[in-house]
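Trainee: Starting from these lines, generate the structure:
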Amino acid sequence: MPFRLGPWEIGLILIIILIVFGVGKLPQIGSAFGKTIQEFRKASKNPDAEKEESEDKEKVAAKPAVDAAPED
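Mentor: Residues are numbered from 1 along each chain as shown. The predicted model follows:
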């Protein structure tokens, strides 16, 4: 039997969240939740993208720094 949320259940959940976190924290929670969903969707579309980015960062970090000042 699938679990379905009706309007009463959603309202109750929202009231509990409001009581627990307060009105001041709701924008921060919403923003964090939205960013999390966005990152999840991005990762699920291209699962190898994160691996490629970390490999690119490792390559850049492995390069030795070059002095800009000429030696005499």
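Trainee: so which helix or strand takes in K35?
Mentor: For K35, the enclosing helix or strand under DSSP states H and E is helix 26-45.
Trainee: Sort out which residues of that helix are buried, please.
Mentor: By neighbour count with 16 or more other C-beta atoms under 10 Å, helix 26-45 contains no buried residues. Where you see a C-beta, it was placed from the backbone N, CA and C, and this is true even at glycine.
Trainee: could you give the mean pLDDT of that helix?
Mentor: Helix 26-45 shows a mean pLDDT of 89 in the predicted model.
Trainee: i'd like the first residue to be 55 from this point on
Mentor: Sounds good: first residue 55 from here, last item helix 80-99.
Trainee: Please save the CA atoms from that helix in PDB.
Mentor: Only the C-alpha atoms of helix 80-99 are listed here, as PDB (Å, rounded to 0.1, in the frame of the first residue of the first chain):
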ATOM      1  CA  LEU A  80      12.400  29.100   7.300                       C
ATOM      2  CA  PRO A  81      14.100  31.000   4.400                       C
ATOM      3  CA  GLN A  82      17.400  29.500   5.300                       C
ATOM      4  CA  ILE A  83      15.900  26.000   5.400                       C
ATOM      5  CA  GLY A  84      14.100  26.500   2.100                       C
ATOM      6  CA  SER A  85      17.300  27.700   0.500                       C
ATOM      7  CA  ALA A  86      19.300  24.800   1.700                       C
ATOM      8  CA  PHE A  87      16.600  22.300   0.700                       C
ATOM      9  CA  GLY A  88      16.500  23.900  -2.800                       C
ATOM     10  CA  LYS A  89      20.200  23.700  -3.200                       C
ATOM     11  CA  THR A  90      20.300  20.100  -2.100                       C
ATOM     12  CA  ILE A  91      17.600  19.100  -4.600                       C
ATOM     13  CA  GLN A  92      19.400  21.100  -7.400                       C
ATOM     14  CA  GLU A  93      22.700  19.300  -6.600                       C
ATOM     15  CA  PHE A  94      21.000  15.900  -6.500                       C
ATOM     16  CA  ARG A  95      19.400  16.500  -9.900                       C
ATOM     17  CA  LYS A  96      22.600  17.700 -11.400                       C
ATOM     18  CA  ALA A  97      24.500  14.600 -10.100                       C
ATOM     19  CA  SER A  98      21.800  12.200 -11.200                       C
ATOM     20  CA  LYS A  99      21.900  13.600 -14.800                       C
END
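Trainee: Noted, bye for now.
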